[in-house]
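Enquirer: give me the fold of what follows.
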Amino acid sequence: MHPAAPSIASLRQALSEVRGGALSVSAFSSAARSQEVLLQALPARYSEVWLGLLDRLESSALFSEESCSFSQTELLDSLGLWLDKAEQQLHNHV
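Expert: Okay, the predicted model is just below:
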């Protein structure tokens, strides 16, 4: 197992909590941005995409779903997909 793998597991849990309303977008974003070990273990493009998705998620939290150009549900789905791809990337490079 890659040393950054536990970060992916904790982010998956936090993402699930955001979807369920148990964790705020702000708290998730803070936790997600602090995953330096994970981001450093991945190619630079992963970090760029992750941070861009978090920026849009934070923006979407400022507005109601209808008035924001970013769908929060779609952004959460994209973050989940990113976690899948990051996990695969780590697995392939152990």
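Enquirer: the helices in the protein, which residues?
Expert: Here the chain has its helices, by DSSP state H, at 5-20, 25-33, 36-41, 44-61, 72-92.
Enquirer: and the nearest residue to His93 once chain neighbours are set aside, what's its pLDDT?
Expert: Leaving out its chain neighbours, the residue that sits closest to His93 by C-beta to C-beta, 6 or more residues apart in numbering is His2, at 7.6 Å. For the C-beta atoms, the positions are set from N, CA and C on the backbone; glycine is no exception. According to the model's per-residue confidence, His2 sits at a pLDDT of 84.
Enquirer: next one: Gln13
Expert: With respect to pLDDT, Gln13 scores 98.
Enquirer: which non-adjacent residue is nearest Pro3?
Expert: Distances taken as C-beta to C-beta, 6+ apart place Val37 nearest to Pro3, at 6.9 Å, with adjacent residues excluded.
Enquirer: if I look at the one you found, how far off is Ser47?
Expert: Taken as C-beta to C-beta, to the nearest Å, the spacing of Val37 relative to Ser47 amounts to 12 Å.
Enquirer: neighbour-wise, which of these two wins?
Expert: Looking at Val37 and Ser47 with other C-beta atoms under 10 Å, you find the greater number of neighbours at Ser47, namely 15 against 12.
Enquirer: in this structure the more buried one contacts Leu39, no?
Expert: Yes: if you go by C-beta atoms under 8 Å, Ser47 and Leu39 touch, sitting 4.5 Å apart.
Enquirer: show me the shaky parts of this structure.
Expert: Confidence mapping of the chain against pLDDT under 70 gives the ranges 64-70, 94.
Enquirer: with adjacent residues omitted, what lies nearest to the residue nearest the centre of the chain?
Expert: Ranked by distance to the mean C-alpha position of the chain (C-alpha atoms, centre = their mean), the top residue is Leu79 at 4.3 Å. By the measure of C-beta to C-beta, 6+ apart, the closest residue to Leu79 outside its immediate chain neighbours is Leu53, 5.5 Å from it.
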